[in-house]
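[1] I'd like to go over a predicted model; first the sequence, then the structure.
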Amino acid sequence: MSVSSARAAARSAVGAAYRRLADAGDDDALAAACADIAPVIVGLQDVRTSPIDVAAAHADLVRAATARAVALRPEPGVEWFVLGSVGRRESLPSSDVETAAVVADGVEVGRVTAHGAAVHRLLDRCGLRPDPNHALVSRRRFVRTAADWSAAVERWVSDPFDDRAVIMLSLLADSTAVGTSAAPFPVDVRAALSDDDRARRLMGREATREYPRLRLRDSLFRRVTTVDPKVTVISAIVSIARWVDLESADVPSDAGRSTPERLSRAAASGALADDDARTLAHAFEQVQRIRLSYQVDRLRASRPADDLLPVAGTTPVTRSVLASAAREVTAVRRGLAMT
């Protein structure tokens, strides 16, 4: 089979997996369809698909699975959103699922959290783990009416040092609707932030205050046994991209939320220097490629995907790429650092 034919077959497998998820008629069928996600990701990696495109495909499949799980546990008056890496369309097999819900006026929140717990139990059975930090529809904090979400965002913007405001605003900025709805989250986080620069400045400080190179250097010199490239590099780039993108006012509500898209927009608007945007985008893709390769190797061995690369098992080239990426991210962060 030619390279082009192999790539076409891998892309076709994504579409077939998506249809199986959408058509799953019961819990067992959904679990069986979710079992196809890992082989699809392995197939995309085998034909050397860009890690950015693999992550987008993975997120689309997870979102489809979530939509079907919601449909199998119906609850009227509830609109689901995925957050985090799935919401940004850059999840990998190690990613967990973060969710929030907007409920119609008069809907009992307790019923919705019970519904959310049931949906996440089904997704967990299907191999899609819930967020360990409990950003889930099973928690009241993530279930509100549109008016209550609006009031909460207004409160977080006006007092960003209280109630995990920056975390909540960041999560909502990454939100994407589940199912056929293309509606954005009912509260425009970007517009809310434009009214008060204190929250934006705090987000900037949070995005630029830590230097991943030091932690990564300790790991690569084997002071510990594993290195987590998501924690040491990827999270930093994601935070910077989100922050500088939110600094730009003229962005459509349906604009892409992926980190490369945000970096590109920030460079185009002047919120981020072209060189810095290119540096961060390159580091992001390089480290995502390393993460994906490691996780696919684990999937091939029938082991669960994770982000804990064993230092002793990494090649000199991988260590060099990770160290270079961390060094470049650190330089950009220092240049952007907020006081």
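    That came through fine. Numbering: from 1, shown residues only.
[2] show me which helix or strand of this protein is least confident by mean pLDDT.
    In the chain, no helix or strand scores lower on mean pLDDT, DSSP states H and E than helix 212-220, which sits at a mean of 54.
[3] distance between stretch 61-81 and the chain's centre?
    Computed by CA atoms, centre = their mean, to the nearest Å, the chain-centroid distance of stretch 61-81 equals 18 Å.
[4] could you give the separation between the terminal residues of it?
    End-to-end span of stretch 61-81 (CA to CA, to the nearest Å): 14 Å.
[5] now that stretch: mean pLDDT?
    The average pLDDT within stretch 61-81 is 97.
[6] swap in stretch 85-99?
    For stretch 85-99, the mean per-residue pLDDT is 98.
[7] that stretch: which residues count as buried?
    Within stretch 85-99, the residues that qualify as buried are 85-99, counting by 16 or more other CB atoms under 10 Å. To be clear about C-beta, it is placed using only N, CA and C from the backbone, and glycine gets the same treatment.
[8] same question for stretch 230-249.
    230, 232-234, 236-248.
[9] quick one: terminal-to-terminal distance for that stretch?
    First residue to last in stretch 230-249 (CA to CA) measures 29 Å.
[10] quick one: distance of that stretch to the chain centre.
    Relative to the chain's own centre, stretch 230-249 is displaced by 11 Å; criterion: CA atoms, centre = their mean.
[11] so which residues of the stretch 151-300 of the chain form strands?
    Counting by DSSP state E, counting those that start in this stretch, the segments of the stretch 151-300 of the chain that form strands are 176-177, 226-227.
[12] any chance of these in CSV, plus mean pLDDT, mean neighbour count and distance to residue 107?
    Shown next, in CSV, are the strands of the stretch 151-300 of the chain (pLDDT from 0 to 100; neighbours: other CB atoms under 10 Å; distance: least, CB to CB, whole Å):
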stretch, mean pLDDT, mean neighbour count, distance to residue 107
strand 176-177, 94, 19, 17
strand 226-227, 87, 20, 44
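[13] do you know which of the ones you listed lies nearest residue 150?
    strand 176-177 (17.0 Å; CB to CB).
[14] so which of the strands of the stretch 151-300 of the chain is nearest residue 47?
    Minimum separation from residue 47 across those (CB to CB) falls at strand 176-177, 26.5 Å.
[15] which residue is nearest the centroid of this structure?
    Centroid-nearest residue in the chain, with CA atoms, centre = their mean: residue 85, separated by 0.6 Å.
[16] distance check, that one against residue 101.
    Separation of residue 85 from residue 101 (CB to CB, to the nearest Å) stands at 19 Å.
[17] and for residue 24?
    From residue 24 to residue 101 the distance is 21 Å (CB to CB).
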